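Chemist: sequence and predicted structure, then a few things I'm wondering about:
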Amino acid sequence: MRGGVVKSSLPKNLPFPCLLFCLALAFVVVSGLPTLAAGPPTGENAYCGKGNVAQFGAQDGPAELPKTCYYTALDGTPSPGKQIRVAAKSDLAAAIDGAKCGDTLLLPAGASFEVEVLPSKKCDDQHYITVRTDTPDSKLPPEGTRISPAWGGVASLPGRPPFAQPSGGPAKLLATLVVRRPSGAVVGDHLRFIGIEWTTPPGANIYLIATAEHADHVIFDRNWVHPADGSEVGHGVGITDGSHMVAVINSYVNGLNCIALTGKCTDATAIRGGWGDEPISTLKIYNNFLESSGENILFGGAPSAINPTDIEIRRNHLFRPMLWREGEPGYTPTASGHPYIVKNNFELKSAIRVLFEANLLENSWGGFSQAGYSILLTPRNQPGPNGSFVCPLCQVTDVTIRYIHISHAGGGIAMATATKNGQGPALAGTRWSIHDVVIDDLSKKYRGGGELFEIVNEWPEKPLNSVTINHVTGFPDPQAHLMIVASQEGTPPMYGLVFTNNIVAVGRYPVWDAIGGPGRPNCAHADVPVTSIANCFTTYTFSNNALVETPPAFPPSRWPSNNMFPQTANDVRFVNYNNGNGGNYELRPNSPYKNKGTDGKDLGADIVGLNAALANIE
């Protein structure tokens, strides 16, 4: 098919209104996506004009894109006042308090300052206070370029990818803020931090390094955030109650960890937040290396009367070292001998209008409260005291995930509206657009199920709905599943699934029951994919996919119609399949799936555009 409307695989007895809905939904997939022919733009402010003018566009498939943005170029955050040199080990809070809006505070490179609360000055957009190292710009990475620990004098870190170096080699070119407040150093308003190292005292009981709680217009630019060597610190940057216009850009965050059984914490994050009683909006996470043992990025998961809105997450490397995984070569045990608590690379429990674009996600494994999924979308109403629930308004809505690469994980993307573990239904889980994604090296060896997708509803009302998965290239564990699905007995079926234009291996049990079993009947029937899909989704489009290596027990007659069934990955004619691990998944000119998308594009992800989007991410 070329240029036509996606055909829908629908039960013959569907009513006419439902048929119209499905055809309209399929049309949105083809016509509603933005034009990204050469992949997305890569610039820091590609979607935000000077003056914070949002340029995301209106929608990506079913998902509404962010409506507000933060222009973070230096010419948008002027500090036209005096340059004030701050003596080493002096009181930085007092220096900020004594400065005027628009001043620049120069901190000596290699010097340290103990910090707890940095005061709010109530400045304006034309008079930022810049707090920076006195290292001249010529010796720092240029604006828009990521810093690394080498500017803090560290040439390399075990198990991490090699990183950029200053000319002349590693040197202490950053000024260091040593956080003394257990709940994190508080930042104020209209602050830009450039060339700053944030860390903790050895052995101190610190659980968060920097907090943007109630912060307004704050930019962490080319910062290195990490705990003291060997310290167990759970969280890097917190963006919570009342945070507005907060950006973490061109920075390096590493070493956040929690240790099982004997540790001080149970969930580590590089960047977390999104809860509280005051609105949180217009957040930007761009071009960072983000490492933690738990979630690299997490929004939601705590008492809240609000949802964070308008979140831009682009061109980040979400990573954890395999040295933290038991059984891996070079595994380094913790001092107690217990392993690190590992969760997802990216998780949303509360968020509205999120663009997650051009990110590289690596190394996610299960064994604790998670099953190794790299991405988890799951609106959650957390349990509170005396049977109460603390986030009834929580929702995960209008999420766009595009041009990303997931590798080395126990599972790909999990989507769930769940009530397990004592949690009540939240408000909504809907309008999720996933496209131009590569998912490879999924394996049960990473202590997960090895499936590409999980889609589960346990809510008695308002079921999960309107999920589009389009132009994905993915390979589950050969003994696992393309997709596990469930809409538990007593809950309504999900609706609005669109699964089109993908090249995916299907695994040994292609579409399987996620939560069923004795005493837990479910919509999925593990032996017939088309029956499981039709039972779990009242409306769906599942067509124009290349379903690779379909087992003999699941012939085309057991699938929705209008799909393709290459017998092996070699029949797809990738440039280099490489057994589904680090290959070049662009299609050769003679591939039967060139230009076979309903939009005239190649089936599977836009590999050329994806490679351009991820250039220099590591």
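Modeler: Yep, that arrived. All values derive from a computational prediction rather than experimental measurement. Numbering: from 1, shown residues only.

Chemist: and for the nearest residue to Asn563 once chain neighbours are set aside, the neighbour number?
Modeler: Residue nearest to Asn563 in three dimensions, not counting chain neighbours: Asn545, with 5.0 Å by C-beta to C-beta, 6 or more residues apart in numbering. Using the backbone N, CA and C atoms, a C-beta is placed for each residue, glycine as well. Number of residues near Asn545 (other C-beta atoms under 10 Å) recorded here: 26.

Chemist: touching, Asn545 and Phe565? I think so.
Modeler: No - checked against C-beta atoms under 8 Å, the pair Asn545 and Phe565 is beyond contact range at 9.5 Å.

Chemist: wait, what's in contact with the closest residue to Cys69 other than its chain neighbours?
Modeler: Once flanking residues are discounted, Cys69 sits nearest to Cys48: 3.5 Å by C-beta to C-beta, 6+ apart. Counting by C-beta atoms under 8 Å, 6 or more residues apart in numbering, Cys48 touches Ala54, Gln55, Cys69, Tyr70, Tyr71, Thr72, Lys284, Glu312.

Chemist: the residues you listed into TSV, with extra columns for pLDDT and distance to Phe193?
Modeler: Below are these laid out as TSV (pLDDT from 0 to 100; distance: C-beta to C-beta, whole Å):
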residue	pLDDT	distance to Phe193
Ala54	98	24
Gln55	98	26
Cys69	98	20
Tyr70	98	15
Tyr71	98	17
Thr72	98	12
Lys284	98	14
Glu312	99	19
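
Chemist: of the residues you listed, just the buried ones, ChimeraX syntax please.
Modeler: The ChimeraX selection below is limited to those of these classed as buried (16 or more other C-beta atoms under 10 Å):
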select :54,69,70,71,72,284,312
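
Chemist: make a markdown table from the contacts of Cys48 and add distance to Leu173 and secondary structure to it.
Modeler: Putting the contacts of Cys48 into a markdown table (distance: C-beta to C-beta, whole Å; DSSP: H, G, I helix; E, B strand; the rest coil) gives the following:
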| residue | distance to Leu173 | secondary structure |
| --- | --- | --- |
| Ala54 | 35 | strand |
| Gln55 | 34 | coil |
| Cys69 | 31 | coil |
| Tyr70 | 26 | coil |
| Tyr71 | 27 | coil |
| Thr72 | 22 | coil |
| Lys284 | 25 | strand |
| Glu312 | 29 | strand |
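
Chemist: so where's the stretch 351-500 of the chain shaky on pLDDT?
Modeler: Residue ranges of the stretch 351-500 of the chain with pLDDT under 70: 420-422.

Chemist: all helices of it, in order?
Modeler: Shown for the stretch 351-500 of the chain, no helices are assigned by DSSP state H, counting those that start in this stretch.

Chemist: what are the ranges of the strands in it?
Modeler: 351-357, 360-364, 373-377, 395-409, 411-417, 428-442, 453-457, 465-474, 483-487, 495-500 (DSSP state E, counting those that start in this stretch).

Chemist: rebuild those strands as a markdown table, extending it with distance to Gly507.
Modeler: Below are those laid out as a markdown table (distance: least, C-beta to C-beta, whole Å):
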| stretch | distance to Gly507 |
| --- | --- |
| strand 351-357 | 25 |
| strand 360-364 | 18 |
| strand 373-377 | 15 |
| strand 395-409 | 15 |
| strand 411-417 | 11 |
| strand 428-442 | 9 |
| strand 453-457 | 11 |
| strand 465-474 | 10 |
| strand 483-487 | 9 |
| strand 495-500 | 15 |
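
Chemist: and those as CSV, adding mean neighbour count and distance to Ser388?
Modeler: Below are those laid out as CSV (neighbours: other C-beta atoms under 10 Å; distance: least, C-beta to C-beta, whole Å):
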stretch, mean neighbour count, distance to Ser388
strand 351-357, 25, 23
strand 360-364, 25, 32
strand 373-377, 28, 24
strand 395-409, 26, 19
strand 411-417, 28, 20
strand 428-442, 26, 20
strand 453-457, 25, 23
strand 465-474, 26, 27
strand 483-487, 26, 27
strand 495-500, 26, 30
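
Chemist: could you point out which of the ones you listed sits nearest Ala228?
Modeler: strand 360-364 (23.4 Å; C-beta to C-beta).

Chemist: and the closest one, what does it pack onto?
Modeler: strand 317-319, strand 373-377, strand 395-409 (3 or more C-beta pairs under 8 Å, 6 or more residues apart in numbering; DSSP states H and E).

Chemist: dump these to JSON lines, plus distance to Thr269.
Modeler: Listed next are the helices and strands packed on strand 360-364 as JSON lines, based on distance: least, C-beta to C-beta, whole Å:
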{"stretch": "strand 317-319", "distance to Thr269": "11"}
{"stretch": "strand 373-377", "distance to Thr269": "13"}
{"stretch": "strand 395-409", "distance to Thr269": "17"}
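
Chemist: of the ones you listed, which is nearest Cys536?
Modeler: strand 373-377 (17.0 Å).

Chemist: so what strands line up beside the closest one?
Modeler: strand 346-348 (parallel), strand 411-417 (parallel) (DSSP bridges).

Chemist: by how many degrees do that strand and strand 360-364 diverge?
Modeler: 110 degrees (axes from the mean of the first three to the mean of the last three C-alpha atoms, to 10 degrees).

Chemist: ok, and what's touching strand 373-377?
Modeler: Contacts of strand 373-377 (C-beta under 8 Å, 6+ apart): 344-348, 361, 364, 370, 396, 399, 401, 406, 409-416, 429, 432, 439, 448, 454.

Chemist: mind exporting the C-alpha coordinates of that strand to PDB?
Modeler: The C-alpha coordinates for strand 373-377 follow below in PDB (Å, rounded to 0.1, in the frame of the first residue of the first chain):
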ATOM      1  CA  TYR A 373      11.000  -2.200  30.900                       C
ATOM      2  CA  SER A 374      12.900   0.800  29.600                       C
ATOM      3  CA  ILE A 375       9.800   3.000  29.500                       C
ATOM      4  CA  LEU A 376       6.800   2.900  31.800                       C
ATOM      5  CA  LEU A 377       3.700   5.000  31.300                       C
END
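
Chemist: give the buried residues for stretch 76-94.
Modeler: Gly76, Thr77, Ser79, Gly81, Val86, Leu92, Ala93.

Chemist: name the SS class of the third one, please.
Modeler: Three states are possible here, and by DSSP: H, G, I helix; E, B strand; the rest coil the one that applies to Ser79 is coil.

Chemist: pretty sure it contacts Arg132?
Modeler: No - look at Ser79 against Arg132 with C-beta under 8 Å: they stay out of range, at 9.3 Å.

Chemist: shared neighbours, those two?
Modeler: In contact with both Ser79 and Arg132: Thr104, Arg192, using C-beta under 8 Å, 6+ apart.

Chemist: who are the neighbours in contact with Trp151?
Modeler: Contacts of Trp151 (C-beta under 8 Å, 6+ apart): Thr135, Leu140, Pro141, Pro166, Pro170, Ala171, Leu173, Leu174, Gly195, Trp224.

Chemist: residues contacting Asn212?
Modeler: If you look again at residue 212, you'll see it is Ala, not Asn. Val187, Val218, Val237, Gly238, Ile239, Thr240, Ser243, Val246, Gly273.

Chemist: try Ala95
Modeler: Applying C-beta under 8 Å, 6+ apart, the residues contacting Ala95 are Ile84, Val86, Leu105.

Chemist: now Val53
Modeler: Counting by C-beta under 8 Å, 6+ apart, Val53 makes contact with Cys69, Tyr71.

Chemist: how near is the closest residue to Gln479 other than its chain neighbours to Pro529?
Modeler: With sequence-adjacent residues excluded and distances taken as C-beta to C-beta, 6+ apart, Gln479 is closest to Arg508, at 5.0 Å. Using C-beta to C-beta, to the nearest Å, we find Arg508 at a distance of 13 Å from Pro529.

Chemist: and for the two, which residues touch both?
Modeler: With C-beta under 8 Å, 6+ apart, Arg508 and Pro529 have no common neighbours.

Chemist: looking at these two, which is more packed in?
Modeler: Each of Arg508 and Pro529 has its neighbours counted (other C-beta under 10 Å); Pro529 has more, 26 against 16.

Chemist: in this structure that one contacts Gly507, no?
Modeler: No - at 11.3 Å, Pro529 does not count as touching Gly507 under the criterion of C-beta under 8 Å.
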